[in-house]
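In: whatever this is, show me its structure:
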Amino acid sequence: MPNRLIHEKSPYLKQHANNPVDWRPWGPEAFEAAQSEDKPILLSIGYSTCHWCHVMEHESFAVANTAAVMNQWLICVKLDREERPDVDALYMSAVTSLTGQGGWPLNVFLTPDLKPFYGGTYFPPRAGFGRPAWVQMVEAIGRAWKNPGQRAQILEDSSKMTEALKTLGQASAPEKELKAEWMDTALASFQRDFDPNHGGFGGAPKFPMPVNQAFLMRYALHKTPAAASARAMALLNLRKMALGGIQDHLGGGFARYSTDETWLLPHFEKMLYDNAQLAVNYLEAMQLSGDAAFGETARGILEYVLRDLRSPEGAFYSAEDADSLDTEGEKVEGAFYVWTRDEILKELGESEGAVFCSAYGVKEEGNLPNDPHGEFYQKNVLHPDPDWKGDYAGLELSRRKLFELRCKRPRPHRDEKVLCAWNALMISALAKGWQVLGDARYLKAAQDCAQFLFASMFDADQQRLYRRYAEGERAVEGMASDYADLIQACLDLYESDGEGIWLTRAETLASVMRSDFFEETTGAVFNCKQGQDPHLLSRLQETHDNVEPSAASVLASVFLRLDLLTEKAGYREAGLSALKALGASMARQPRAAAAALSALDLALGPPTHVVVLSPPDSEMLAAVRRVFSPRRALIALAPGAAGAPGFTKDFQMLQGKPTAYVCVDRACRLPSADSAEVSRLITASA
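Out: Below is the predicted model of the structure:
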């Protein structure tokens, strides 16, 4: 019989709806049951494309005897961390402080009033890997709760932990001033940990971390000797990732991380937020370097997302799983993506197949030497072989044949919920794709997605954004990241099509952001609205960038951009205030503040206004958009347009031709109708 999750919309919760565990969703019904039955709560957090979440479900939650023990001693609650990052962040902080590590699945034991007292990540069915057996631990915790002396200790420990968590929800003291030297300190930190052979920072596992490349490429524009190092690290990192198995060389897009230091063997799940940010990385790398290969990698990402993650409404689904069915009907990691040499030769023929295998490192015994569990015997992950001397463009027909064959395999599970923040990141990527590559399909897809978000996930009457949309239902009040990322997307659209509606919408969302998530006196940005969930022990301040930029970093950036685009009072001050609140992170933990450092670069560098008077389809506008100039604010004015910043009121077209004014620190150069000259001026000012 299904449990209480059967009526939920979250794909992750639905995956557990037929477990014999009496799962309940996060909410008052579960919490009241814990109080009335006098049981501790197990809060188990994950997401639907999480490999180790699947493993623990198969080994423990789907096993009747194990479920019986859990149901006897605990009130069991399941939560989708992608829907509720505020709850996840709070209890992840607790487990990390207790054990020194975090991850998913996250299993936290709480008192009936939701105070954490013990937890961890994956637990095996039998003791091993330095972890206790799951059933024995559940029973031990249940018995400890029933023992008066042990319960007293649990309550004392949980109260101390809760007080510590609440201090994380208090705004930290902001720095008094912003310092350019924080960027230099950050660069030195990146240099120390950089892998000069394979790219990336540190050893395995390696995550793409798009915020790192974004900062390094901005530093690369500094007029200092160290700028060359930043440029070299960013470009090498992006090239090495593109050559690794972490990129899907048949279908485009990138996996979430590499299990090895060479980017060869990925953890095969594909996440929308990674691919959105990486597309921007590769597009900016093309702008910075002039190397069209970066643009082709970005195109592969965008085509993958449009083909495989786009919903009928024009929004984008969240992710694809690492696991899929193999030829034996067993669900295993990477089955959809890996190849045997015989499969390739059978499809392509001996001659064509041998060339392809040589080009992509395919071997009879398999090309994955680091395979401790023997999962990939005779299996190959496609990746360009650095020793092959042929022409990869000439292998396009072979790639297409194998792609079509792969499409006949059982596909990985796709998480079909729509998340506002992740869709906003994708809008920005598609807008950037239009700006750099000039493909109008990308702009149309970005516009369609944005229209969907405002039509289906924004309540105009309440001025409220929702985080999740699934099966026709919008739910979960928007978090800080949803607002900040969507403001950024609107500004990127405004600089892509010149339509004033996007600037208006950005300002509307910024107003809500300032009232609900931003503390004007300290500059602190909190991950959720005060009182948004009365059961949450504490809301947390956004202070660190990770695989996604923090809402605080994005908000600082968009406030500064709104200042440049509107010249309205208060935006720049708010942006600087948000950055000062992030000052401690930038100064002391720069590797966890890369997006904040990018915003700092925007704040401290001389801003560049580029005002273009022209029809929307002019070559002048296209040329301006192709230049890598992160501090540039582009204002495209159709002839006779109103609503531009006051300093542009006297600007005119030269002899009726598309004309650009390049203004550095609000000092404007002579106007020009020569797009090549304008591009040179923008590049020189960057």
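
In: so where is the stretch 351-500 of the chain shaky, pLDDT-wise?
Out: Applying pLDDT under 70 to the stretch 351-500 of the chain flags the ranges 372.

In: swap in the chain?
Out: 372, 639-645.

In: how far away is residue 486 from residue 128?
Out: Shown here: residue 486 relative to residue 128, a distance of 45 Å by C-beta to C-beta, to the nearest Å. Just so you know, the C-beta spots here come from the backbone N, C-alpha and C atoms, and that holds for glycine as well.

In: same check on residue 477?
Out: 41 Å.

In: now residue 667
Out: 67 Å.

In: once you drop chain neighbours, what's closest to residue 106?
Out: Among residues not flanking residue 106 along the chain, residue 45 sits closest, at 4.2 Å (C-beta to C-beta, 6 or more residues apart in numbering).

In: so that neighbour touches residue 79, yeah?
Out: Yes - taking C-beta atoms under 8 Å as the definition, residue 45 is a contact partner of residue 79 at 4.8 Å.

In: just list the residues touching the closest residue to residue 518 other than its chain neighbours, thanks.
Out: Leaving out its chain neighbours, the residue that sits closest to residue 518 by C-beta to C-beta, 6+ apart is residue 525, at 5.6 Å. For residue 525, the contacting residues are 480, 484, 517-519, 541-542, 550-552, 555, 578, 581, by C-beta atoms under 8 Å, 6 or more residues apart in numbering.

In: the residues you listed into TSV, with extra columns for neighbour count and secondary structure?
Out: TSV is the format used below for the contacts of residue 525 (neighbours: other C-beta atoms under 10 Å; DSSP: H, G, I helix; E, B strand; the rest coil):
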residue	neighbour count	secondary structure
480	28	helix
484	32	helix
517	26	coil
518	25	strand
519	17	coil
541	22	strand
542	28	coil
550	26	coil
551	27	helix
552	32	helix
555	31	helix
578	32	helix
581	26	helix
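
In: can you lay out those as a markdown table showing distance to residue 335?
Out: Below are the contacts of residue 525 laid out as a markdown table (distance: C-beta to C-beta, whole Å):
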| residue | distance to residue 335 |
| --- | --- |
| 480 | 38 |
| 484 | 37 |
| 517 | 42 |
| 518 | 46 |
| 519 | 48 |
| 541 | 42 |
| 542 | 38 |
| 550 | 35 |
| 551 | 36 |
| 552 | 40 |
| 555 | 41 |
| 578 | 45 |
| 581 | 46 |
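
In: nearest to residue 233 among those residues?
Out: Distance to residue 233 across these (C-beta to C-beta) is lowest for residue 550, with 22.1 Å.

In: now the closest residue to the closest one other than its chain neighbours: how far from residue 483?
Out: In space, and not counting its chain neighbours, residue 550 is closest to residue 542: 4.3 Å by C-beta to C-beta, 6+ apart. The gap separating residue 542 from residue 483 is 12 Å, by C-beta to C-beta.

In: what do those two both touch?
Out: By C-beta under 8 Å, 6+ apart, residue 542 and residue 483 have these common neighbours: residue 551.

In: before we move on, the earlier item: between the contacts of residue 525, which is closest to residue 229?
Out: Distance to residue 229, by C-beta to C-beta, is smallest for residue 550 among these, at 25.5 Å.

In: any figure for the gap between that closest one and residue 421?
Out: From residue 550 across to residue 421, the span is 11 Å (C-beta to C-beta).

In: got it, and residue 5?
Out: From residue 5 over to residue 421 (counting by C-beta to C-beta), the distance is 24 Å.

In: show me which of the two is the more surrounded one.
Out: Neighbour tally, residue 5 and residue 421, criterion other C-beta atoms under 10 Å: the higher count belongs to residue 421, 27 against 21.
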